[in-house]
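Asker: Here is my input; please provide its structure:
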Amino acid sequence: YYICASVSCQWWRRPSGVAALCLGLLCLLLLAGIIGLFVYYGDIGHQYFTERDKLQKERDIFQKLLVTSLNGCKVFGNSIYYVSTEQNTWEYAGQDCRRRGAQLVIINNQEEQRFLNALNIQTWIGLSDIETEGTWRWVDGTNLTTAYWGGGEPNNLDEGEDCAVIYHDFTDPVKKWNDTPCTRKLNWICEKVID
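Answerer: Numbering: from 1, shown residues only. Down below sits the predicted model:
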């Protein structure tokens, strides 16, 4: 006590000294809090990435199981395709696809068209002009933008050819579509997109 009896040693008794002491303690508490938050959120971030990786592996396993459990199905890109073994009308084909949680195939690009052509079977696809003659729409309601019609098609021969089919009698290796009456009985392809 006697050593610090001088005025210079009693800084903590002045208001500015108390404020400096409080400010220093607050800075230490703030620093401790920031360090604690970094540790806490760093751990949460690590847990997040670990869980994400685990879920991605599980998703991949389930997708492989799904594909192997879908007997007779084909996989291409992000889609699973079911090719029917029976023949029926376009309307029935669409209903069957919906029962399977899918839809009649919508062909989005040339690679998909080539894949389906390689199946070498005449099949319904999800394209028709039933609502308005000459306005071809996919079963999801989108308008046809890229087409793979065979030579001279669609021609609405004898009127009433309102549904599209992959038809293999055309010589072009890609352009295989034909319009035909929706009441014909043909095989069909259902498509389920995997997200």
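Asker: give me phi/psi at the residue nearest to N88 when sequence neighbours are not counted?
Answerer: Closest residue to N88 apart from its sequence neighbours, by C-beta to C-beta, 6 or more residues apart in numbering: K185 at 5.4 Å. The C-beta positions use only the backbone N, C-alpha and C, and glycine is treated the same way. Dihedral pair for K185: phi -110, psi 110, per degrees, to the nearest 10.
Asker: Now for K185, how many residues are close by?
Answerer: For K185, the count of nearby residues is 12 (other C-beta atoms under 10 Å).
Asker: This structure: helices as residue ranges?
Answerer: Remark: helices assigned in the chain by DSSP state H are 15-69, 90-99, 110-117.
Asker: Compile these into TSV and extend it with columns for mean pLDDT, distance to E153 and mean neighbour count.
Answerer: Below are those laid out as TSV (pLDDT from 0 to 100; distance: least, C-beta to C-beta, whole Å; neighbours: other C-beta atoms under 10 Å):
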stretch	mean pLDDT	distance to E153	mean neighbour count
helix 15-69	81	34	10
helix 90-99	97	16	18
helix 110-117	95	14	17
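Asker: Tell me which of those sits nearest to W124.
Answerer: Across these, W124 has its closest neighbour in helix 90-99 (4.7 Å, C-beta to C-beta).
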